[in-house]
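Requesting a structural model of the entry that follows:
(chains A, B and C, ligands or ions: 4)
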Amino acid sequence: MINPQIVTEAKEKNTKTHPIWFKLKHNKMTTIGFLVLFLIVCLAILAPILTPYDPAKINVAEKFQGPSLQHLFGTDEVGRDILTRILFGARLSLGVGLLVIFVAACIGIFIGAVSGYFGGIIDQIIMRVMDMLLAFPTLILAMALTASLGPSLHNAMMAIAIVEIPIYVRLARSETLVLREKLFVKSAVVFGIKPIPIILKHIIPNAVSPVIIQATLDVGNAILMIATLGFLGLGAQPPTPEWGSMISTGWKYLLDYWWYPTFPGIFLFLTSGALNLIGDGVRDILDPKSNR
Amino acid sequence: MLDIKNLSIEFNDLNGKVKALRNINFHIEQGEIVGVVGESGSGKSVTALSILGLLDENAHISNGSITYHDQNLLEMNPKDIQSLRGKKIGMVFQEPMTALHPTMKIGQQLMKVIRQHKKVNKKEADRFAIEALKDVHIHHPEKVAKQYPFELSGGMRQRVVIALAMSSPPELLLADEPTTALDVTVQSEILNLMKELNQKRNTSILLITHDLGVVSQLCDRTIVMYAGQIVETGLTFDVLHSPKHPYTKALLNSLPDLKKQDQPLEAIEGEVPDLRNPPVGCPFNSRCKHTMPVCHEHDPKLEICEGNHYVACWLRRDKV
Amino acid sequence: MTPLVQINHINKIYGNRKDVIEAVKDISLPVYEGETLGLVGESGSGKSTLGKLLIGLEAPTSGEITYRDKVLWKKKRFMRPRPGEIQTVFQDPQSSLDPRLRVKQIIFEPLSALPLKERKEKGSIERLHALVKRVGLKVEHLDRYPHEFSGGQRQRIAIARALITGPSFIVLDEPTSALDVSVQAQVLNLLKELKQENQLTFLFISHNMSVIRYMCDRIAVMYKGGLVEIDETKNVLNHPKHDYTKMLLSSMLKVN
Ligand SMILES: Nc1ncnc2c1ncn2[C@@H]1O[C@H](COP(=O)(O)OP(=O)(O)OP(=O)(O)O)[C@@H](O)[C@H]1O
Ligand SMILES: Nc1ncnc2c1ncn2[C@@H]1O[C@H](COP(=O)(O)OP(=O)(O)OP(=O)(O)O)[C@@H](O)[C@H]1O
Ligand SMILES: [Mg+2]
Ligand SMILES: [Mg+2]
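Ligands and ions are numbered 1, 2, ... in the order given. As a prediction, this is how the structure comes out:
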């Protein structure tokens, strides 16, 4: 008898993905994730309007002030307003997270589509390289890459993009393996259209939905990784307001000035948590088997 | 055994509501083979999918009930339906590729299903899988078991889906155009297989097809659908030999069977009505050769014309 | 009559050393200019594979195919005669149209392989509108997406797409078997008329004998990868020689 699971799996693979967005609306946790993220994005965008302070301006006279009405989250070791730095840090974290994942997804989907479409030796070489990259834990690989490239925000971004690429390559490749057997792709071959235009016109547009979903899942990770690299001194360099490096500096003062590392930590937690909730909701729908 | 009452189903899509089924009534008895024919898009597949609760997300059942052995399937919880689907009701899907996992070998897919129903080890399951492929007359079943769906010919894929559905015989089999991609010799083998299943195990079959030849060979009763409604139903012999609805007549006329090569086929002029805003009156009124004023005003009800033969047409009404 | 396509001792073997599948075995046949050659046979007998060899989707393992006396396959390379000269319509109208493109883009797609001058010539809006109307669609359909159409309408879109380049030879792989009979009748009539108007040559793959009889001048019968019979339609139907053909004819279901 027809196996309902295979049928649903196959259906997922074969139908368009628009019902996913439809289903998302019904998931409570995901809705919470969306709300939190929305709030943080608003704060980040409106940062210059919301606070009167400059995130980089040193004012030693006001250093280490506790939370008060002037400085809601207190000030740091050179008297900068921590809330201001968190809000500007949100711009950086979200911006960098999105950019890194966007770049990784674009490159990954193209490589994956090429790999899956051509198959054969090209595919084998590409997949070997990707397997190699995937064999390392992503964070360690990113740390090693940044360390060898030299600590800076740019290099950290590049390293994270590189470690994220294989995920997209795999995803796009498995979509491509299904798509390349579709008759509209075969038809294009019959018309005499060359492989790369076929990939750009038919394969990628039809493989893009699952990649977008994977990307929402990964933005949170990327933000965490940027922060971790920042924490280790490998990412953004001072005085850039970056959550990771704020936590790292604040850490030293935790016992005397608890607010310093705590508030950036809370924001980091909220942001990556919200993104993960959204991502999880999306994944549950995409892949019903993984209902843990 | 299965009783569908006043079933209406709508799909919400970007451009509005598609009224895919409007007030469908029919039943299937134990051991009966019922054929469903009709224009493409008339709601045949939707009917079958609704029985199994496999409709797309955007479907909305606006009215009616589907009763299976005194249980209303529409009110059952998804888990019970899932187990019904696994054990009592089997389905052969119209589009074989949707029912097959695109990147899993045929043999594995069959084994997975077999092992869900029978407690057997891998080796035995493998043997059953090969056996099942043999049953649907696939040459070299051992080779085919190692292939992926895209490597099979259209007809072979369809037979694999049939093998999946038959690998543990259901009580009710919903077969959505099971033989369309098959040549006549294999088709007749498959039809025999279904007949055998029907006779030996008393399996009821709902057979959706657009091949009137298949219907005439296999089905006890026939339902003719048009634009989301049943327009005619009765014993197969009666429906095919003394069709009462103009659509059924036109359908029979458009068969290439009896035509000479140099005559064009008698296609039905015009298009199926748009189910987003179905026409007022009879759904067939824009293509019918016998329209009367009443056809544009009121929708004819399905009414008895003789014996077990029902038809929804104003013409009948006048004569009776 | 001159053969437009000549197939000589073609073989197609799938698979690796251990599990070989001989999909096409030593087939030789001509397709004459202007005819409709019907290809029937058991499911899995290699009909679609033979079609794929002609349209450049699969390379033959051995043998030769010529098109207007030019070799089609040199080693594993398809020597496309002229882009758009050989066209195809597949069976499954669901998957043969890209769901993300509008009908207009779909119909115009084959033109993008043509040289610029020809592309301009053939891609004029007037020509598009005429073609769309000719296959029984409406001009306002051009901006819609495939999922908004029924099976029959999609097949019309696929036919328009095949005709836009002005081909001479079209391989039709079960173009109507996913359609119901009344729509099938419309599409078959359309194909027949279009063939007359444009002096086309068809290779018409089908398993439906009554469709084949209605459409074809000659019939080739395949069985387990080989060609077992080829002759004029009436001869094959009235005096079948091979056992499989006899079986095929005797198991035709009639609405009786
Ligand atoms: N998910 C959906 N969203 C919107 N409309 C749908 C959806 N699924 C089906 N429909 C519409 O419902 C109607 C009935 O479709 P159905 O698939 O039942 O037709 P059918 O009788 O099986 O036709 P065919 O012979 O082509 O298989 C069609 O008009 C179709 O467009
Ligand atoms: N890509 C492939 N890889 C391996 N085997 C293949 C591949 N494509 C086709 N085959 C095999 O070749 C044989 C012939 O297939 P083909 O699709 O030509 O049959 P067909 O005559 O068109 O059948 P149908 O009427 O069912 O469409 C089958 O045994 C099939 O499994
Ligand atoms: Mg259907
Ligand atoms: Mg085929």
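
what about residue 153, neighbour count?
All of this is about chain A. By the criterion of other C-beta atoms under 10 Å in any protein chain shown, A:Leu153 has 20 neighbours. Every residue, glycine included, has its C-beta placed from N, CA and C.

if you could check chain C rather than the one you did, that'd help
Under the neighbour criterion other C-beta under 10 Å, C:Gln153 is assigned a count of 26.

Helices along the stretch 51-200 of chain A, start to end?
Along the stretch 51-200 of chain A, the stretches classed as helices by DSSP state H, counting those that start in this stretch are A:82-118, A:120-135, A:138-149, A:153-179, A:183-190, A:195-198.

Return the list of helices and strands in contact with the fourth one.
If I follow you right, that is helix A:153-179. With contacts defined as 3 or more C-beta pairs under 8 Å, 6 or more residues apart in numbering or on different chains; DSSP states H and E, the secondary structure elements packing on helix A:153-179 are helix A:82-118, helix A:120-135, helix A:138-149, helix A:204-231.

Quick check: C:Leu5 vs C:Glu85, distance?
In this structure residue C:5 is Val, not Leu. As defined by C-beta to C-beta, to the nearest Å, C:Val5 lies at a distance of 11 Å from C:Glu85.

no no, B:Asn25
Counting by C-beta to C-beta, the gap from B:Asn25 to C:Glu85 is 54 Å.

from chain A, which residue is nearest to ligand 4?
Taking C-beta to the ion as the measure, chain A has A:Leu183 as its residue closest to ligand 4, at 11.6 Å.

ok, that residue touching C:Val89?
No: under the contact definition of C-beta atoms under 8 Å, A:Leu183 does not touch C:Val89, with a separation of 10.0 Å.

Of the two, which one has the most company?
For A:Leu183 versus C:Val89, neighbours defined as other C-beta under 10 Å are more numerous around C:Val89 (25 against 21).

show me what contacts the more buried one?
C:Ser96, C:Gln155, C:Ala158, C:Ile159, C:Ala162, C:Ile170, C:Val171, C:Leu172, C:Asp173, C:Pro175 (C-beta atoms under 8 Å, 6 or more residues apart in numbering or on different chains).

Just give me the neighbour total for the second one.
The criterion is other C-beta under 10 Å. On that basis, C:Gln155 has 29 neighbouring residues.

Might one say that it is in contact with C:Glu174?
No: look at C:Gln155 against C:Glu174 with C-beta under 8 Å: they stay out of range, at 10.6 Å.

Checking residue 266 next. Helix, strand or coil?
Chain wasn't specified; assuming chain A. Three-state secondary structure (criterion: DSSP: H, G, I helix; E, B strand; the rest coil) places A:Ile266 in helix.

Please tell me how far it sits from chain C.
When distance is defined by C-beta to the nearest C-beta, to the nearest Å, A:Ile266 is 42 Å away from chain C.

Quickly note the distance from B:Ile33 to ligand 4.
In this structure, B:Ile33 and ligand 4 are separated by 28 Å, where distance is defined by C-beta to the ion, to the nearest Å.

Pop out the phi and psi values for that residue.
In terms of degrees, to the nearest 10, the main-chain angles of B:Ile33 are phi -110, psi 120.

Point me to the residue of chain C nearest chain B.
Nearest residue of chain C to chain B: C:Ser43, at 2.7 Å (C-beta to the nearest C-beta).

Would you agree that residue falls within a strand?
No: C:Ser43 sits outside any strand when classified using three-state DSSP, being coil.

just checking, which of the contacts of C:Val89 belong to strands?
Counting by DSSP state E, the members of the contacts of C:Val89 that fall within strands are C:Ile170, C:Val171, C:Leu172, C:Asp173.

The first one touches C:Gly84, doesn't it?
Just to be clear, that refers to C:Ile170. No: in this structure, C:Ile170 is not within contact of C:Gly84 by C-beta under 8 Å, at 10.9 Å.

residues from the stretch 51-200 of chain C in reach of ligand 1?
Counting by C-beta under 6 Å from any ligand atom, the residues of the stretch 51-200 of chain C close to ligand 1 are C:Gly151, C:Asp180.

can you list the weak-confidence ranges in the stretch 51-200 of chain C?
Within the stretch 51-200 of chain C, no stretch has pLDDT under 70.

those helices in it, which residues are they?
Residue ranges of the helices in the stretch 51-200 of chain C, as given by DSSP H, counting those that start in this stretch, are C:103-108, C:116-122, C:125-134, C:151-163, C:181-198.

Just say which of these is most tucked in.
Mean neighbour counts were compared across these using mean count of other C-beta atoms under 10 Å in any protein chain shown; the top stretch is helix C:151-163, at a mean of 25.

Run the contact check for that helix versus ligand 3.
No: using C-beta under 5 Å from the ion, helix C:151-163 stays clear of ligand 3, coming no nearer than 8.5 Å.

Report the secondary structure state of C:Pro30.
strand.

Give me the neighbour count for it.
The local packing count at C:Pro30 equals 18, with neighbours defined by other C-beta under 10 Å.
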